[in-house]
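Trainee: Got a sequence here, can you build the structure:
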Amino acid sequence: MKMDLIKVYKNTSEYLNKQITVDGWVRNHRKQKEFGFIDFSDGTCFKTLQVVYDNNLSNFDDIQKIRVGSAVSVTGTLIESPKEGQPFELQVESLELLGDSPENYPIQPKRHSREFLREQAYLRPRTNLFQAVFRIRSLAAMAIHEYFQNNGYVYVHTPLITCADCEGSDQMFKITTLDFDNIEKDEDGKADMTKDLFGQKAFVTGSGQLHGEAFALAYKKIYTFGPTFRTENSNTKTHANEFWMIEPEIAFCDLNGLMDIEEEMLKYVVNYVLERAQDELTFLDNFVEKGLLDKLTKLVNSNFTRITHEEAITILKNADVKWEFNPEYGEDIAKEHEKYITEHFNGPVFITNWPKDIKAYYMKQNPDGKTVAAVDLEVPGAGELMGGSQREEDYDKLIKRIEEMEVDRETIEWYINLRKYGGCVHSGFGMGFERLLIYLTGVENIRDVIPFPRTPGNCLY
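Mentor: Numbers count the residues shown, from 1 in each chain. As a prediction, this is how the structure comes out:
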């Protein structure tokens with residue numbers, strides 16, 4: 001009977017001493033004069049299967065020629081393994097080569113650098129590291145959907161093409177159908193966008209928040225989960241030009257309620273992965289980040305601290321530390337500050353009430369006139385993981401803030417009108433999915449948690 005390895009591992013006693021057939025790929029092939037061992041993987045689970053064959057097979061010589069990377073179909077009897085560390089092995093009765101692989105197959109059974117594997121992005125899922133990372137990515141995505149669906153949220157597909165400016169048009173990719181070699185100009189000598197497909201400037205979205213708010217004011221609780229794009233020419237380990245975002249928006253919810261949701265959601269996702277990816281996490285704990293399992297388990301059992309931005313700056317100023325960037329009231333905090341704060345409180349920390357002048361126009365202005373009801377979640381080992389705010393529901397205050405920040409009002413008039421048509425207190429946050437995966441896996445570079453990364457100078461495959 002044809003079988004996936006995941007079923008064999010989950011129900012070993014059911015298949016021991018029985019004939020099964022498995023289809024998959026050769027990870028390694030160790031040949032002896034009269035027998036051989038194949039390290040076999042079919043991708044359905046992290047574990048592999050040792051396949052044992054001998055010279056009693058009629059095609060023994062052909063089997064000995066099978067190379068690493070080849071696709072094979074193996075039929076044999078599953079028996080208890082005499083080798084310590086593996087519960088069973090497959091004694092071959094027949095082995096068929098389905099797809100050959102050349103001698104120069106790039107993913108040989110040895111350690112490869114992550115830089116090399118990025119150049120082989122179409123093959124790297126066949127390695128242990130990326131088998132673990134991308135299975136965890138799949139599980140984390142499922143956990144996010146389960147959390148929100150189980151709690152009554154509507155999943156909204158916000159547009160990838162937009163004319164609305166949420167994060168600043170200078171950070172958004174422009175799209176056009178105009179002929180670059182023959183662009184018609186308007187009376188001001190600028191590109192005549194009335195001749196473009198949409199009749200105006202259009203962008204690839206940097207956030208689904210604004211459209212999400214519109215649906216939250218109809219469904220009460222919604223979330224978006226999909227790709228977003230930014231034009232930042234940044235080559236850090238945590239930035240990419242294409243990444244995925246989770247953006248919930250909740251009506252009748254203030255900043256405190258938002259923090260409750262952020263904490264509950266994060267714990268749910270981490271616990272979901274802990275329960276379903278023990279093999280992958282154990283591998284990552286051993287070879288990528290020592291203490292990863294303890295870190296994740298501790299987060300699930302932590303109480304998240306809540307402090308204001310002003311309190312955070314006071315703690316940093318009083319710290320006996322020589323900072324590379326001195327902490328200042330009214331200013332943003334650096335990575336070194338985020339790290340210190342989480343270590344100071346020995347766990348995740350919500351920092352609230354940020355200076356108005358460094359935050360976006362849509363955030364709720366506090367009565368002090370200096371701060372907004374914004375929150376960042378800092379977690380040990382990763383820094384900022386989520387950013388959110390109570391949204392400004394006051395029509396006049398929102399208009400004034402838009403004017404102060406010189407935002408193009410024309411493109412978001414519909415968004416402003418939400419305050420006129422049954423507006424209410426509402427809040428939302430955004431979490432970069434890849435930031436979460438960096439935290440979950442211990443793999444510190446965003447290029448290694450995205451299947452095919454898009455970063456400055458890199459658009460391979």
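Trainee: same question for the helix or strand harbouring Lys295, mean pLDDT?
Mentor: Using DSSP states H and E, Lys295 sits in helix 292-300. Averaging pLDDT along helix 292-300 gives 96.
Trainee: so where is this structure shaky, pLDDT-wise?
Mentor: 165-170 (pLDDT under 70).
Trainee: can you pull out the helices in it?
Mentor: Assignment of helices within the chain using DSSP state H yields the ranges 5-10, 12-15, 60-64, 114-119, 128-150, 209-219, 255-276, 278-287, 292-300, 309-318, 335-345, 395-404, 413-417, 433-441.
Trainee: and those helices, which is most packed in?
Mentor: helix 433-441 (a mean of 24; mean count of other Cβ atoms under 10 Å). Any C-beta I mention is one placed from the backbone N, CA and C, and that applies to glycine too.
Trainee: Not counting that helix itself, show me its contacts.
Mentor: Outside helix 433-441, the residues within contact range by Cβ atoms under 8 Å, 6 or more residues apart in numbering are 132-133, 136-137, 140-141, 144, 225, 238, 240, 243-246, 269-270, 273, 284, 288-289, 292, 296, 379, 381-382, 384-385, 443-446, 449-450.
Trainee: for Gly383, what are its contacts?
Mentor: So Gly383 contacts 335, 338-339, 342 (Cβ under 8 Å, 6+ apart).
Trainee: let's see 6 Å
Mentor: 335, 338 (Cβ atoms under 6 Å, 6 or more residues apart in numbering).
Trainee: And it, how far from Phe215?
Mentor: For Gly383, the distance to Phe215 equals 30 Å [Cβ to Cβ, to the nearest Å].
Trainee: which stretch among the helices of the chain comes nearest Thr162?
Mentor: helix 209-219 (7.6 Å; Cβ to Cβ).
Trainee: Output the contacting helices and strands for that closest one.
Mentor: strand 221-229, strand 242-251 (3 or more Cβ pairs under 6 Å, 6 or more residues apart in numbering; DSSP states H and E).
Trainee: got the contact list for the longest one?
Mentor: Contact with strand 242-251 is made by 144, 208-209, 212-213, 216-217, 220-225, 227-229, 424, 426-428, 430-434, 454, as judged by Cβ under 6 Å, 6+ apart.
Trainee: With stretch 10-23 instead?
Mentor: 1-3, 8, 42, 73-75, 77-78.
Trainee: Pick out the most distant pair among these.
Mentor: Most distant of these, by Cβ to Cβ, are Asp42 and Thr77, 17.6 Å apart.
Trainee: who's more crowded, these two?
Mentor: Asp42 (19 against 15; other Cβ atoms under 10 Å).
Trainee: check contacts around the closest residue to the more buried one other than its chain neighbours.
Mentor: Among residues not flanking Asp42 along the chain, Gly24 sits closest, at 3.2 Å (Cβ to Cβ, 6 or more residues apart in numbering). Gly24 makes contact with 40-42, according to Cβ under 6 Å, 6+ apart.
Trainee: again, only this time at 7 Å
Mentor: 40-43, 72 (Cβ atoms under 7 Å, 6 or more residues apart in numbering).
Trainee: same question, Leu49
Mentor: 5, 22, 40, 90.
Trainee: Wait, His211 touches Pro159, no?
Mentor: Yes. The pair His211 / Pro159 is scored as a contact, 6.5 Å apart, by Cβ atoms under 7 Å.
Trainee: joint contacts of those two?
Mentor: Joint contacts of His211 and Pro159 (Cβ under 7 Å, 6+ apart) do not exist.
Trainee: picking up where we left off before, can you say which of the helices of the chain is nearest to Ile351?
Mentor: Closest approach to Ile351 among the helices of the chain (Cβ to Cβ): helix 309-318, 5.1 Å.
Trainee: mind checking how far Arg67 is from Asn104?
Mentor: 10 Å.
Trainee: quick one, which of those two is more surrounded?
Mentor: Arg67 (15 against 8).
Trainee: For that one, give me phi and psi.
Mentor: Dihedral pair for Arg67: phi -100, psi 160, per degrees, to the nearest 10.
Trainee: which residue sits closest to it in space, ignoring its chain neighbours?
Mentor: Nearest non-adjacent residue to Arg67 (Cβ to Cβ, 6+ apart): Ser101, at 5.0 Å.
Trainee: What of Val375?
Mentor: Nearest residue to Val375, sequence neighbours excluded (Cβ to Cβ, 6+ apart): Thr352, at 4.7 Å.
Trainee: thinking that neighbour is in contact with Arg306, fair?
Mentor: Yes. The criterion here is Cβ under 7 Å, and Thr352 meets it with Arg306 at 6.5 Å.
Trainee: who's more crowded, the two?
Mentor: Thr352 (24 against 17).
Trainee: For the closest residue to Val321 other than its chain neighbours, give me its contacts.
Mentor: Of all residues not flanking Val321 in the chain, Tyr340 sits nearest, at 6.6 Å (Cβ to Cβ, 6+ apart). Contacts for Tyr340 (Cβ under 7 Å, 6+ apart) come out as 316, 319, 321.
Trainee: Return the member of these nearest to His29.
Mentor: Among the contacts of Tyr340, and counting by Cβ to Cβ, the member closest to His29 is Val321, at 53.9 Å.
Trainee: From Met1, how far off is the closest one?
Mentor: According to Cβ to Cβ, Val321 and Met1 sit 63 Å apart.
Trainee: Compare these two (neighbour count), which wins?
Mentor: For the pair Val321 and Met1, the greater number of neighbours falls to Val321 (12 against 8), based on other Cβ under 10 Å.
Trainee: Let me know the distance separating the more buried one from Glu336.
Mentor: Val321 is 8 Å from Glu336, by Cβ to Cβ.
Trainee: Kindly report the same for Glu146.
Mentor: Distance from Glu146 to Glu336, by Cβ to Cβ: 36 Å.
Trainee: cool, and His309?
Mentor: 16 Å.
Trainee: same check, this time on Met172
Mentor: 30 Å.
Trainee: One more: Ala382?
Mentor: Taken as Cβ to Cβ, the span from Ala382 to Glu336 is 14 Å.
Trainee: Run through the bridge partners of the spatially closest residue to Gly226 that is not a sequence neighbour.
Mentor: With sequence-adjacent residues excluded and distances taken as Cβ to Cβ, 6+ apart, Gly226 is closest to Trp244, at 6.5 Å. Under the criterion DSSP bridges, Trp244 forms beta bridges with Pro227.
Trainee: Can you give me the neighbour number for Trp244?
Mentor: Around Trp244 there are 20 other residues, counting by other Cβ under 10 Å.
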